[in-house]
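>>> just a sequence and a predicted model for now, questions to come.
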Amino acid sequence: MMSTPSQQWTVRTVSVTAREFLKQRGVPAPRLDSELLLAHVLGRTRLELFMDFDRPLSEEERSKYREAVKLRGQRVPLQHITGHAEFMSLRFKVSPAVMIPRPETELVVERVLRLLGKCSTGVPPVPESTASGLPSPERITGVPPVPTGKGEAPTEPLLDRSRAAGKDAGAPRDDSSLHACRTETAPGRKSDTAIQSEPGSLVARHDSPPAIADIGTGSGNIVVAIARSAPDIQIFATDCSAEALEVARENAARHRVDGRITFALGDLFTPLRGIGLEGTLALVVSNPPYVGISEEGTLQPEVLHDPRIAVFAGEDALVFYRRIATEAPEMLAPGGHVVVELGAGQRGAVEDIFRSTGRYSGFDVDADLAGIERVFHARVEGGSS
């Protein structure tokens, strides 16, 4: 991107040069990434770039863009360079302390919203009149505040997991469309339309607002998206990383739902025990680490920039499903639900794990647009043991 006396570097010329550079380095979406990085450096939208292709860049702008493109060429995720990721049409802060939200995880949110009877055409804005001053879950339920863990040493990382083998987890998104609840179905299962319309949604079955918990919240993308669409739900979110919880709290504040989510530091369900929640939760949701250590060599380079405790489950890729299946029933009310994201090809093994406990029934899955069974749902038969 060095200039000559006769050459003027414009939006068009630098983006084309950057695109070729990224293509040579194997970046999966070189044109999109080059344009999104330039939009980030210039403080513009991608559409505004298209409308101003002949705009010349200053030397300072070119220098910043050059550094950003260099990082992307080293397969640093675009979201780490820009500092944000899009999820459910919302912008979330991300950092190396959290896993970058993936498009397939939106299916997890959509399944939870259907169970909550909150299926809508998108994530609604928070009205100004309710954007602040909302009672926190502990004030609604009388449950004492959960310690935030400030000053405590975080538990040993669970092992950050990268996504399914061969998948480009670092690929950016550039859609601003609102998301309707999808109704794709996996072969051999009942349609989501039936699930969506089945009587007795969680809200309808509870006289008081139902409480749900997100286990391993990371950036908080799941709970923040749920809170935006379900203002009458009590929400708890746990993570073993204090750094991740700080990012999650910032995202909750950014989207003005921080007064309705209780964040707690600790391993899985541990920080939720002993505070009166046993046998009361209507739903547990989690996007747990689900990649085995042996799969590390099959992953896209971008995935390895996510925290290892969020990507890798360890030697046993299913260890967190085993723990959730075993530990969730004591926290759930009778008839409560568990919704978890799956790795590619894990549906059968995960269903066997949940069946083997003898505590669940009503198993089904949602497939993503590639036909991969991505979201697993089970209903607990008993309550707290």
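Sure thing, it's come through.
>>> show me which residues of stretch 361-370 are buried.
363-368 (16 or more other CB atoms under 10 Å). (Glycine included, C-beta is placed from N, CA and C.)
>>> in strands, which of those residues fall?
If you go by DSSP state E, those have 363-367 in strands.
>>> ok, Leu42 touching Glu60?
No - Leu42 lies out of contact with Glu60 (CB atoms under 8 Å); the separation is 11.0 Å.
>>> which one of these two is surrounded by more residues?
Counted by other CB atoms under 10 Å, Leu42 and Glu60 do not tie: Leu42 has more neighbours, with 18 against 9.
>>> contacting residues around that one?
11, 49, 57, 61 (CB atoms under 8 Å, 6 or more residues apart in numbering).
>>> ok so Ala85 is a strand residue?
Yes - according to DSSP: H, G, I helix; E, B strand; the rest coil, the state of Ala85 is that of a strand.
>>> pLDDT wise, what is it at?
With respect to pLDDT, Ala85 scores 95.
>>> least confident secondary structure element in the chain?
helix 137-141 (a mean of 30; mean pLDDT, DSSP states H and E).
>>> all strands for the stretch 1-150 of the chain, in order.
Assigned by DSSP state E, counting those that start in this stretch, the stretch 1-150 of the chain shows strands spanning 84-87, 90-93.
>>> now the strands for the stretch 151-300 of the chain?
Going by DSSP E, counting those that start in this stretch, the stretch 151-300 of the chain shows strands at 211-215, 234-239, 261-265, 281-286, 291-292.
>>> Val247: which of those is closest?
Judged by CB to CB, the one of those that comes nearest to Val247 is strand 234-239, at 9.5 Å.
>>> give me the helices and strands touching the closest one, please.
helix 137-141, strand 211-215, helix 221-229, helix 242-254, strand 261-265 (3 or more CB pairs under 8 Å, 6 or more residues apart in numbering; DSSP states H and E).
>>> burial of Glu315, as a residue count?
10.
>>> that one and Glu295, how far apart?
Separation of Glu315 from Glu295 (CB to CB, to the nearest Å): 11 Å.
>>> can you check Glu278 too?
With CB to CB as the criterion, Glu278 and Glu295 are 35 Å apart.
>>> alpha carbons of the stretch of helix or strand Pro334 belongs to, as CSV, please.
Using DSSP states H and E, Pro334 falls within strand 332-341. The C-alpha coordinates for strand 332-341 follow below in CSV (Å, rounded to 0.1, in the frame of the first residue of the first chain):
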residue,chain,number,x,y,z
LEU,A,332,-35.0,-26.6,37.6
ALA,A,333,-38.6,-26.5,38.6
PRO,A,334,-40.8,-29.6,37.5
GLY,A,335,-41.2,-29.4,33.8
GLY,A,336,-38.3,-27.1,33.4
HIS,A,337,-36.2,-26.9,30.2
VAL,A,338,-32.6,-27.2,29.1
VAL,A,339,-31.4,-25.7,25.8
VAL,A,340,-27.8,-26.2,24.7
GLU,A,341,-25.8,-25.6,21.6
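>>> who's more crowded, Glu278 and Glu295?
Comparing Glu278 with Glu295 by other CB under 10 Å, the one with more neighbours is Glu295, at 20 against 17.
>>> hmm, back to that, farthest pair in the ones in strands among the buried residues of stretch 361-370?
Pairwise over these, using CB to CB, the maximum falls at Phe363 and Ala367, 14.3 Å.
>>> could you double-check that Thr262 lies in contact with Phe236?
Yes - using CB under 8 Å, Thr262 makes contact with Phe236 at a distance of 4.9 Å.
>>> those two: which is more packed in?
Phe236 (28 against 25).
>>> that one and Phe312, how far apart?
25 Å.
>>> same deal with Pro210?
Pro210 is 33 Å from Phe312, by CB to CB.
>>> what of Ser89?
Distance, Ser89 to Phe312, using CB to CB: 30 Å.
>>> so which of these two has more stuff around it?
Phe312 (26 against 16).
>>> hmm, Gly292 and the more buried one touching each other?
Yes - between Phe312 and Gly292 a contact is recorded at 7.2 Å, counting by CB under 8 Å.
>>> spatially nearest residue to Tyr360, not counting backbone neighbours?
Ala378 (4.2 Å; CB to CB, 6 or more residues apart in numbering).
>>> residues contacting the closest residue to Ala18 other than its chain neighbours?
With sequence-adjacent residues excluded and distances taken as CB to CB, 6+ apart, Ala18 is closest to Ser34, at 3.9 Å. Shown in contact with Ser34 (CB under 8 Å, 6+ apart): 15-16, 18-19, 22, 69.
>>> now Leu272
146, 213, 236, 238, 264, 331.
>>> now do 10 Å
143, 146, 211, 213, 215, 236-238, 262, 264, 266, 278, 280-281, 284, 327, 331 (CB atoms under 10 Å, 6 or more residues apart in numbering).
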